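*Asks:* one predicted model, sequence on top.
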Amino acid sequence: MKFDVLTLFPELFDAVLGESIIGRARQNNIIQINTVNIRDFSLNKHRKVDDYPYGGGGGMVMMAQPICDAYLSIAEKLSYKPRVVYLSPQGRVLNQEIVKELSTEEHLILLCGHYEGIDERVIEEIVDDEISIGDYVLTGGELPAMVLIDSVSRLIPGVLSSEESYSQESHYEGLLEYPQYTRPYEFSERKVPGVLMSGHHENINRWRRQQSLKRTYLKRPDMFERLSLNEADRKLLEEALKENEE
Ligand SMILES: Nc1nonc1C(=O)N[C@H]1C[C@@H]1c1ccc(S(N)(=O)=O)cc1
């Protein structure tokens, strides 16, 4: 999978996405992350990329021409129109479902807004999706773009090793993940639940499923109400909640 990122701050990306799992996937060419500096496409001798908003008001707006020319520098070499995602607080809020949808694309162009945003004509001209990472306003779209790249890349085959598998992680199938423990067996007078020490994989899986159901019910009722539980899951949850009351 290839990500082309249109940004004013390309140097931010290598610092964050050059390490660990994503860095390894880039080295193994499982994913490619390429940055394009929008400022390189300014026609202004001072490399200006923003201007005052028509109609007045505070803040600056990113100009259309540098962004569209940066986009064309990629798109004109392609025989297809790549999907363009604009990171903005006005977009669909990113969730695992959208991440899964994006992970099926071969090529994504991510546009990072800055200042008060971008000239609307860019959105009309080249943007396919607006995606937000949450209902708050940041100084730039670079962190949202990195969040999107990280979350999508983890679903690309070969990026996670089998040990790092995502299949029982939080949000993978609309459930929060079960509690995790590792050595030592006792820490601060707190022991690991006995079932995890039993070696009985059926009981371990049952306990984990029960914990996931219970956590989702208690911590994220908004997620829980979207679940359609079968009878076995309902009984597991009922048993867990009864234990909580005792
Ligand atoms: N949250 C977010 N998720 O992704 N990007 C987020 C974000 O805060 N980006 C801000 C810097 C830039 C920006 C972009 C667009 C607008 S505007 N005029 O469209 O409202 C306002 C501010």
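*Replies:* Cool, the structure landed.
*Asks:* which SS class is Val36?
*Replies:* Following DSSP: H, G, I helix; E, B strand; the rest coil, the label given to Val36 is strand.
*Asks:* check contacts around it.
*Replies:* Asp4, Val5, Leu6, Thr7, Pro10, Ala70, Ser73, Ile74 (C-beta atoms under 8 Å, 6 or more residues apart in numbering). (Glycine included, C-beta is placed from N, CA and C.)
*Asks:* so what's the first one up against?
*Replies:* If I follow you right, that is Asp4. Contact analysis of Asp4 by C-beta under 8 Å, 6+ apart lists Asn34, Thr35, Val36, Ile74, Pro82, His107, Leu108, Ile109, Leu110.
*Asks:* any part of the longest strand seen in the chain near the ligand?
*Replies:* Ranked by residue count and defined by DSSP state E, the top strand of the chain is strand 83-93. Yes: Strand 83-93 comes into contact with the ligand (C-beta under 6 Å from any ligand atom), by way of Leu87, Ser88, Pro89, Gln90.
*Asks:* distance of Lys242 from Leu218?
*Replies:* 14 Å (C-beta to C-beta, to the nearest Å).
*Asks:* got a pLDDT number for the closest residue to the ligand within the chain?
*Replies:* In the chain, the residue that lies nearest the ligand is Gly117 (2.8 Å; C-beta to the nearest ligand atom). Here the pLDDT value assigned to Gly117 is 93.
*Asks:* can you count the residues close to it?
*Replies:* 20 (other C-beta atoms under 10 Å).
*Asks:* right, and it touches Val61 too?
*Replies:* Yes: Gly117 lies in contact with Val61 (C-beta atoms under 8 Å); the separation is 6.3 Å.
*Asks:* which residues are in contact with the top helix by length along the chain?
*Replies:* Looking across the chain with DSSP state H, the single longest helix is helix 201-219. Contact partners of helix 201-219, identified using C-beta under 8 Å, 6+ apart, comprise 168, 174-179, 193, 195-196, 198, 223-224, 227, 229, 233, 236-237, 239-241, 244.
*Asks:* how about that helix as CSV, C-alpha atoms only?
*Replies:* Only the C-alpha atoms of helix 201-219 are listed here, as CSV (Å, rounded to 0.1, in the frame of the first residue of the first chain):
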residue,chain,number,x,y,z
HIS,A,201,-7.0,-22.8,26.3
GLU,A,202,-10.8,-23.2,26.1
ASN,A,203,-11.3,-21.7,29.6
ILE,A,204,-8.8,-19.0,28.8
ASN,A,205,-10.6,-18.0,25.6
ARG,A,206,-13.9,-18.1,27.5
TRP,A,207,-12.6,-15.9,30.2
ARG,A,208,-11.1,-13.4,27.7
ARG,A,209,-14.4,-13.3,25.7
GLN,A,210,-16.3,-12.7,29.0
GLN,A,211,-13.9,-9.9,30.0
SER,A,212,-14.2,-8.2,26.6
LEU,A,213,-18.0,-8.3,26.8
LYS,A,214,-18.0,-7.0,30.4
ARG,A,215,-15.5,-4.2,29.6
THR,A,216,-17.3,-3.1,26.5
TYR,A,217,-20.6,-3.0,28.4
LEU,A,218,-19.2,-1.0,31.3
LYS,A,219,-16.7,1.3,29.6
